[in-house]
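Q: just the structure for this:
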Amino acid sequence: MNLVLAALIATLGTWLVTALGAATVVFFKSPNQKIMNIMLGFASGVMIAASFWSLLQPAIERAEAAPGLPAYIVATAGFLLGALFMWGSDKAVSFARRKADIAQGRPNERLNRIIMLVLSITLHNIPEGLAVGVAFGALKNGGYTAEALMGAITIAVGIGLQNFPEGAAVSLPLRREGYSRKKSFLLGQASGAVEPVAGVIGALLVVYVEAMLPYALSFAAGAMILVAVHELIPECQSDRDTSPYFATMGIVSGFALMMLLDVMLG
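A: Numbers count the residues shown, from 1 in each chain. Sure thing, here's the model as predicted:
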């Protein structure tokens, strides 16, 4: 089994789900908000659970088996670096937006919001692709066990699920701003195009630089936690006044399913 190829196929799948989400612009201008919210909630629950059982826990085990720094330092450092990478990326996008406002002389709020949305989603797809690539690359040293393979697949599935509303979140605002359906779809699906590239890079790093594996696993966990807590959970709670527990049950269900799979197969 070629692990880099497997990572590429998995991330092509997550990109395809982004394209499916973007394709909703062909049928309507605004999706069912409750369905989008429960999907985002479910995906965030899967990602939070996967961050521990499929990324952090293996990172700690591998760091304990390797000589060098204590496992708790390796896992903590990698986790914080992943979160800081996402935070820094968000700050960079915000800075670029402010510079664009200054260059224009006056801010175009609607256009800036769309640009910010497209850049933000595209940017945070990079560590998501890395997470999938790292998970599949880690199979090289962990053996092709059912639980290890299922862990990699569930990470890809979780990321793919939350990519569907992300694709729609890019294409639908573009359509409302007057872009054609075709152009809105093409720009929406393009936001996920970075994931296969990042997935291959993540798999290559882990496969050929074994010492990086614990850091890479915990880095991916930190990035995924920040995305889930900072972006997905607040977004899925957008209608909590009318349906206070609807999206929350999606989070609980996603977490429980991921926990069930990992514990059952582990």
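Q: the helix or strand hosting V227: what's the following helix or strand?
A: Per DSSP states H and E: V227 is located in helix 213-227. Downstream of helix 213-227, the next assigned helix or strand under DSSP H and E is helix 233-236.
Q: just the residues contacting that next one, thanks.
A: Helix 233-236 has contacts (Cβ atoms under 8 Å, 6 or more residues apart in numbering) with M36, N37, I38, L40, G41, S44, A247, G250, I251. In short, each C-beta sits where N, CA and C put it, glycine included.
Q: if I look at the fifth one, how far off is A211?
A: With the distance defined as Cβ to Cβ, to the nearest Å, G41 ends up 37 Å from A211.
Q: compare these two (neighbour count), which wins?
A: Set side by side, G41 and A211 show more neighbours around G41, with 27 against 11, by other Cβ atoms under 10 Å.
Q: so who does the residue nearest the centre of the chain touch?
A: The chain has E128 as the residue nearest its centroid, 3.7 Å off, counting by Cα atoms, centre = their mean. E128 makes contact with T14, I159, N163, E195, A198, A223, M224, V227, according to Cβ under 8 Å, 6+ apart.
Q: against A221, how distant is it?
A: 12 Å.
Q: residues contacting the spatially closest residue to G129 that is not a sequence neighbour?
A: Leaving out its chain neighbours, the residue that sits closest to G129 by Cβ to Cβ, 6 or more residues apart in numbering is A198, at 3.0 Å. Counting by Cβ under 8 Å, 6+ apart, A198 makes contact with T11, N125, I126, P127, E128, G129, L130, G133.
Q: A198: which element?
A: Using DSSP H and E, A198 maps to helix 194-208.
Q: okay, now the closest residue to S218 other than its chain neighbours: neighbour count?
A: The shortest distance from S218 to any non-neighbouring residue, by Cβ to Cβ, 6+ apart, is to G78 (3.0 Å). Close neighbours of G78, defined as other Cβ under 10 Å, add up to 25.
Q: I figured V132 hits T154, correct?
A: No: counting by Cβ atoms under 8 Å, V132 stays clear of T154, with 10.5 Å between them.
Q: which one's more surrounded, the two?
A: V132 (33 against 22).
Q: quick one, what contacts that one?
A: A7, A10, T11, T14, A152, I155, A156, I159, E195, G199, G202.
Q: redo those residues as a markdown table? Include distance to A50.
A: Converted to a markdown table, the contacts of V132 look like this (distance: Cβ to Cβ, whole Å):
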| residue | distance to A50 |
| --- | --- |
| A7 | 15 |
| A10 | 13 |
| T11 | 15 |
| T14 | 13 |
| A152 | 10 |
| I155 | 5 |
| A156 | 10 |
| I159 | 9 |
| E195 | 16 |
| G199 | 15 |
| G202 | 15 |
